[in-house]
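S.K.: Requesting a structural model of the entry that follows:
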Amino acid sequence: MTGKLLIAMPGIGDPRFENAVVFLCAHSSDGAMGLIINKTSTEIAVSDVFEQLDIRATPEMQPIPVYFGGPVELGRGFVLHSTDYAADHASMHVGEQFSMTASREILRDMARGAGPDERLLCLGYAGWGPGQLEEEIVKNGWLACDANPEIVFSTPDWAKWQAALKSLGVSPAVLSSNAGRA
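M.R.: Down below sits the predicted model:
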């Protein structure tokens, strides 16, 4: 499921994931790692991140929100971005349309108005142990859909959850927090 979007179902049971959309950066038998792409941080600004890393922003820098990427390692940063940028040995392609980089180099480039055309700066990540994500899906915690750049980078954060559901042909009004078997 690497490169897919996870859509939190009603009743997921963890308020940090309520109405969350998670971009899955890695998924294997060893577990899964993803970034929440629709929850901006209300506590940390990009200037705080740059100050902590001793990076100076130039006037050419475009405004960059900081996202709550997930509850694991909140001090660790990741940039989910378009494939037009690659940092030496630090960028990982995630499917054909996305890359992820976790280096100071990309932040320095972004601070000077360079870097990837489309990007999300996330602090922290969502992680699952072996089989944990699959179990949560079976228990009606998540739906999965294809990721597309429009939902990830262009859709307003408040609308990403509904846009991801719509890509599956699902209306939020018909969702239930109860799982069942037919």
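S.K.: Now the spatially most central residue of the chain: which helix or strand?
M.R.: The centroid of the chain falls nearest to residue 35 when counting by CA atoms, centre = their mean (3.0 Å). Assigning secondary structure by DSSP states H and E places residue 35 in strand 31-36.
S.K.: So for stretch 39-46, what gets flagged as buried?
M.R.: In terms of neighbour count (16 or more other CB atoms under 10 Å), stretch 39-46 has its buried residues at 39, 40, 41, 44, 46. Glycine gets a C-beta too; all of them are placed from N, C-alpha and C.
S.K.: With respect to residue 161, which of the residues you listed is nearest?
M.R.: Distance to residue 161, by CB to CB, is smallest for residue 39 among those, at 10.1 Å.
S.K.: What sits closest to that closest one if chain neighbours are left out?
M.R.: residue 68 (4.5 Å; CB to CB, 6 or more residues apart in numbering).
S.K.: pretty sure the one you found contacts residue 125?
M.R.: No. Between residue 68 and residue 125 there is no contact under CB atoms under 8 Å: 10.0 Å.
S.K.: list the residues that contact both of these two?
M.R.: Here residue 68 and residue 125 have no joint contacts, going by CB atoms under 8 Å, 6 or more residues apart in numbering.
S.K.: picking that back up, now the residue nearest to the centre of the chain: how far from residue 7?
M.R.: Here residue 35 is placed at a distance of 14 Å from residue 7 (CB to CB, to the nearest Å).
S.K.: Can you pull the phi/psi pair for the residue nearest to residue 75 when sequence neighbours are not counted?
M.R.: Nearest residue to residue 75, sequence neighbours excluded (CB to CB, 6+ apart): residue 123, at 7.1 Å. For residue 123, the backbone dihedrals are phi -110, psi 130 (criterion: degrees, to the nearest 10).
S.K.: Determine the number of other residues adjacent to residue 123.
M.R.: Under the neighbour criterion other CB atoms under 10 Å, residue 123 is assigned a count of 21.
S.K.: Does anything pack onto the biggest helix by length in the chain? Which helices or strands?
M.R.: Taking DSSP state H as the criterion, the chain has its longest helix at helix 157-167. Judged by 3 or more CB pairs under 8 Å, 6 or more residues apart in numbering; DSSP states H and E, the packing partners of helix 157-167 are strand 4-8, strand 21-28, strand 142-146.
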